[in-house]
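**Q** Pasting a predicted model and its sequence here:
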Amino acid sequence: MLHSDRPTSDAAAWWLLAAMLAACLAAAWGLGFRVDAPRAVPPAAGVALLATGALVGRRRGKPRLAAGSTAFLQMTLFTLLGVVLAYALAARAGALWDARLAAADRALGFDWPAVFAAADRAPVALWIGGLAYHSLTLQMVTCIVAMSAYAQFDRLRVAVAAAILSGFVTILVSWWTPAMGNVFDPAAFRHLWPSIAWLEQAMIAGLRDGTWRTLDLTQLMGIVSFPSYHATLPVILSWAQRDTPGWRYVAPVWAGVTIIATPLFGGHYGVDVLAGLALAPAALAIAPRLVRAGPRGRIALAPVRDLAQVTGVGNDHAIR
């Protein structure tokens, strides 16, 4: 919860993006990656358009346009840098952790063959879960548009900073815990969709053996298994919208469906999801301090006291 009258700043998100860029350049150095230039044009044009919107909004005194465009610009750059950084780190990663992650799941009681079989018998639930899982980008877009429209600028800056911070940490952790994912053969089921982990096996193998080095910036795919960012980001987005008319109830419900669907459609282990959930409150505890630091770096925010305040559960004054 924000308690200071000092204005928030976008600087924290920009510094995080600068750190990601530096990490990306360092990780990719000497690996022979190249960018498919023609396919880099659409994302470059999108970045330019968003930057123009942010500039126009500031110069013409349109704070909603400025805030929304800036948030979209920062999250777009985060996506581009984050995925490329994940690729570069995957190319440098050591032995796969799948055996250890699967063992951790068994120790926690996750019986994935039984879960897959049960899910295959519930096609309607599968469609709902699949739509939720693959709507994460739309959830982010909806959050930014709604918060900009209702002039919730401070909370939007906190959410963006938390999303970038947690995503950056997720990618760095994945370097130490690389995994192919909790893959299953969709041919063995009637209704179960191929998971992202199943579809990305060749890409991850190519990154690791050096045969996959061309970056198509229109087809960037998230390859991180542990922790699951699909478990982190929905919590941050629903937290941000807890006071947004029309979304304060829809966002957390849809976030819950997304998280439940993540093991099936993302090909994640249960521990991936649990780790991703743990990252959300940590990022939301740190982000307010980043966006509202006082003179000489002093913190101008009261601490986020507990998980209920972070997630908005049982606390009408917390921010998502």
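**A** Structure received.

**Q** can you pull out the strands in the stretch 151-300 of the chain?
**A** Per DSSP state E, counting those that start in this stretch, the stretch 151-300 of the chain carries strands over the ranges 214-215.

**Q** Please apply the same query to the stretch 1-150 of the chain.
**A** For the stretch 1-150 of the chain, the strands defined by DSSP E, counting those that start in this stretch occupy 34-35.

**Q** What residues does residue 47 make contact with?
**A** Going by C-beta atoms under 8 Å, 6 or more residues apart in numbering, residue 47 touches 73, 76, 77, 80. Backbone N, C-alpha and C define where each C-beta goes, glycine included.

**Q** For residue 102, see how far away it is.
**A** Note on residue 47: its distance to residue 102, by C-beta to C-beta, to the nearest Å, is 39 Å.

**Q** count of neighbours near residue 245?
**A** Burial of residue 245 is recorded as 9 neighbouring residues (other C-beta atoms under 10 Å).

**Q** Roughly how far does it sit from residue 63?
**A** As defined by C-beta to C-beta, residue 245 lies at a distance of 18 Å from residue 63.

**Q** sorry, back to before: got a winner among the contacts of residue 47 for most neighbours?
**A** Neighbour counts for these, by other C-beta under 10 Å, peak at residue 73, which reaches 24 neighbours.

**Q** and that residue, what does it touch?
**A** Residues in contact with residue 73, defined by C-beta under 8 Å, 6+ apart, are 47, 50, 51, 53, 54.

**Q** do the same with residue 221
**A** Counting by C-beta under 8 Å, 6+ apart, residue 221 touches 83, 196, 200, 203.

**Q** Got the phi and psi for the third one?
**A** Main-chain dihedrals, residue 200, degrees, to the nearest 10: phi -100, psi 10.

**Q** Kindly indicate which of the contacts of residue 47 lies nearest residue 255.
**A** Residue 255 lies nearest to residue 76 out of those, by C-beta to C-beta, at 21.3 Å.

**Q** low pLDDT regions in the protein?
**A** For the chain, the stretches flagged by pLDDT under 70 are 1-7, 293-320.

**Q** can you pull out the helices in it?
**A** Along the chain, the segments classed as helices by DSSP state H run 11-28, 37-59, 63-92, 98-108, 112-120, 123-133, 136-149, 153-176, 196-199, 201-209, 229-240, 250-266, 270-291, 307-311.

**Q** Relative to residue 187, which of those helices is closest?
**A** helix 196-199 (10.1 Å).

**Q** Go through that closest one and flag the buried ones.
**A** Neighbour counts using 16 or more other C-beta atoms under 10 Å place 196, 197, 198 of helix 196-199 among the buried residues.

**Q** Tell me the one among the residues you listed nearest to residue 96.
**A** Nearest to residue 96 among those is residue 197, at 12.1 Å by C-beta to C-beta.

**Q** quick one, what contacts the closest one?
**A** Counting by C-beta under 8 Å, 6+ apart, residue 197 has contacts 180, 181, 182, 183, 225, 266, 267, 268.

**Q** Farthest-apart pair in the residues you listed, please.
**A** Farthest pair in the contacts of residue 197 (C-beta to C-beta) is 180 and 266. Separation: 12.4 Å.
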